[in-house]
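Participant: Structural data only, the sequence is not supplied:
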């Protein structure tokens, strides 16, 4: 025993303890796969994450077994850095950043009861890509309006990033977009891993809108696929989509931007060409003749593009930008127009 | 019988015969799937096609059974409009257009013995995307130099178009690129079908270079796939590729162009995301550790990107445009650099 004790290097132990001190403490709201992937990344970087999940069973399971039973369940979450809770107050206390990672349709209900004071002195990071239903506002716009958060404290996590590939540590790329590039860089620093690059960008609304519209394009691609259109059509659809996105952004939120950057084009591609995209699957069922309702029941979830297309359509009422793809999807999902007809009209408009 | 004869509408018969007269006569050089798809399209439009195939057995088979035994063999070719031959002279006689649709590596040998007189007074259409080996010239450049063909008589068929989908009449889109837009429109007119749109463009070299480089990108994507990189990386690779293509074209052949058009971006996407692309398959084998030679033997064919990457690399020696993707593929295929190393260097350069 004495010789064993001798072998202990106490200095080293103390250093280790210091080395393991968190470099930051952030709050995470959301229990889905993207939230789970972000918790993994942050905690690997010694960021302490106070993690709110609505599901009390999941919290219990996480505390005991250290993995999320519902999403990316192969990921083991550090006991030291990851603190699951189902008390929203916990994630607000002593956190420098609050990351919101619930689907746009549930943001309002997830944050119910919170006040503007709860958001004070924090960087608010949206990991959500969507339009808040009925408000016709981007998530960051709505947060900023509702809780009186200055744009300088807002950021968005975007980029071509399947959560599943982050979980298995396949090389991935994110972009942190924030009007204040220092805010972006500070947060990006918490995310960078050997398998994860994080770039910066200050086109907050452009990045969010592009991320919203990509889901509509994936949905449109799914509808066409369901109608038995092939790869040639798919490629033309996506190429035309880049121009549709460019026209919309130039009108709604002009900003010097290169739409071929990964955060715009890469994100569109990873979604439109994903075999696993919910939007694509939902679209494909619509193309094959399912009603919206039966497709939703069958999938047991709602594809974000379903809300996005209405949000973008409503926002565009005022601007009247030519958006044939968005229009076709809107008419199919909200005006009961036959998919075959709408895609046939669309095919003549594409080039 | 008398009543039967009475029923014959002789006027109608005569009209039918006139209706079936060819609206043009073109020569086609090449027996692969793309040539076969183009013959189908043209002949459906009542264009007479004098069709040269190197393989005498295929010619015999086509004459007897009306389908190409080797490619798209489900397509029945019209006896009236499609005239297979293995005499090159036949396709030169009384044809307004000469379409060249053999792989770039075989263009020189296919046209051996032809003289500049053989190309006089014809529109020369290249359906080939490649660099002529050792010459470091685009197919259209080489043709134009070698046979003294003015640019005003050159055109290129490009666009996101799997021949297989044309064969099964899935909605497809082509672009005819020619310095003289009237030449382009006249030829596009011969191609338009209910399932096939054809647009115009006058950026001949830009379209050809982009079509060449897309094969290199597909090859790079295949290598990464073979090394077990995922969809996130693939999307970032393709997004970065669009900027690499833009830089190259702006330097080598400046022209006002929108690289998000289907003829550029759509063609890149259909190739990079195709499960059936030879370039991708070849790349994937390289990524999994096959040598170039063994991959070629195994596939029993040569992926066009293999030559393309050398061609572009050589051309770029003079210009020194930053082309990290092209460089990585070149070093892997021609300098024996390990794929894992090169893709790892590349992954740090992408963003």
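Facilitator: Now that the structure is in, tell me what you want to look at. Note that this is a predicted model, so its numbers are computed, not measured.
Participant: Confirm that residue A:198 sits in a helix.
Facilitator: No - assessed with DSSP: H, G, I helix; E, B strand; the rest coil, residue A:198 is strand; it does not lie in a helix.
Participant: That one: how many residues sit nearby?
Facilitator: Neighbourhood size, residue A:198 [other C-beta atoms under 10 Å in any protein chain shown]: 22. The C-beta positions use only the backbone N, C-alpha and C, and glycine is treated the same way.
Participant: Leaving out chain neighbours, which residue sits closest to it?
Facilitator: In this structure, residue A:198 finds its nearest non-sequential neighbour in residue A:188, 3.9 Å apart by C-beta to C-beta, 6 or more residues apart in numbering or on different chains.
Participant: same thing with residue A:45?
Facilitator: residue A:190 (5.7 Å).
Participant: if I look at the residue in the stretch 1-150 of chain A that chain B sits nearest to, how far off is residue A:30?
Facilitator: Per C-beta to the nearest C-beta, the residue of the stretch 1-150 of chain A with the smallest distance to chain B is residue A:37, at 11.1 Å. Separation of residue A:37 from residue A:30 (C-beta to C-beta, to the nearest Å): 11 Å.
Participant: ok, which stretches of the stretch 1-150 of chain A are strands?
Facilitator: A:24-29, A:47-52, A:82-85, A:97-100, A:123-126, A:131-132, A:137-138 (DSSP state E, counting those that start in this stretch).
Participant: Quick one: mean pLDDT over the first one.
Facilitator: Looking back up the chat, that one is strand A:24-29. What strand A:24-29 shows for mean pLDDT is 98.
Participant: which helices and strands sit right next to that strand?
Facilitator: With contacts defined as 3 or more C-beta pairs under 8 Å, 6 or more residues apart in numbering or on different chains; DSSP states H and E, strand A:24-29 has these neighbours: helix A:33-44, strand A:47-52, helix A:88-92, strand A:97-100.
Participant: I'd like to know how many residues surround the residue lying closest to residue A:97 once chain neighbours are set aside.
Facilitator: Excluding the flanking residues, the one nearest residue A:97 by C-beta to C-beta, 6+ apart is residue A:26, at 4.1 Å. Residue A:26 is flanked by 25 other residues according to other C-beta under 10 Å.
Participant: residues contacting residue A:26?
Facilitator: A:42, A:47-50, A:95-99, A:190 (C-beta atoms under 8 Å, 6 or more residues apart in numbering or on different chains).
Participant: Same question for residue A:77.
Facilitator: Residue A:77 neighbours (C-beta under 8 Å, 6+ apart): A:39-40, A:43, A:62, A:66-68, A:84.
Participant: ok, those residues vs residue A:141, which is closest?
Facilitator: Nearest to residue A:141 among these: residue A:39, at 25.7 Å, using C-beta to C-beta.
Participant: Provide a list of residues in contact with that closest one.
Facilitator: A:28, A:49, A:51, A:77, A:82.
Participant: and the two most separated of these?
Facilitator: A:28 and A:77, at 11.1 Å, using C-beta to C-beta across the contacts of residue A:39.
Participant: Dump the helices and strands packed on strand A:24-29 into JSON lines; add mean pLDDT as well.
Facilitator: Listed next are the helices and strands packed on strand A:24-29 as JSON lines, based on pLDDT from 0 to 100:
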{"stretch": "helix A:33-44", "mean pLDDT": "97"}
{"stretch": "strand A:47-52", "mean pLDDT": "98"}
{"stretch": "helix A:88-92", "mean pLDDT": "95"}
{"stretch": "strand A:97-100", "mean pLDDT": "98"}
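Participant: for the ones you listed, which one sits closest to residue B:331?
Facilitator: With C-beta to C-beta as the yardstick, what comes closest out of the helices and strands packed on strand A:24-29 is helix A:33-44 (31.4 Å).
Participant: All set now, cheers.
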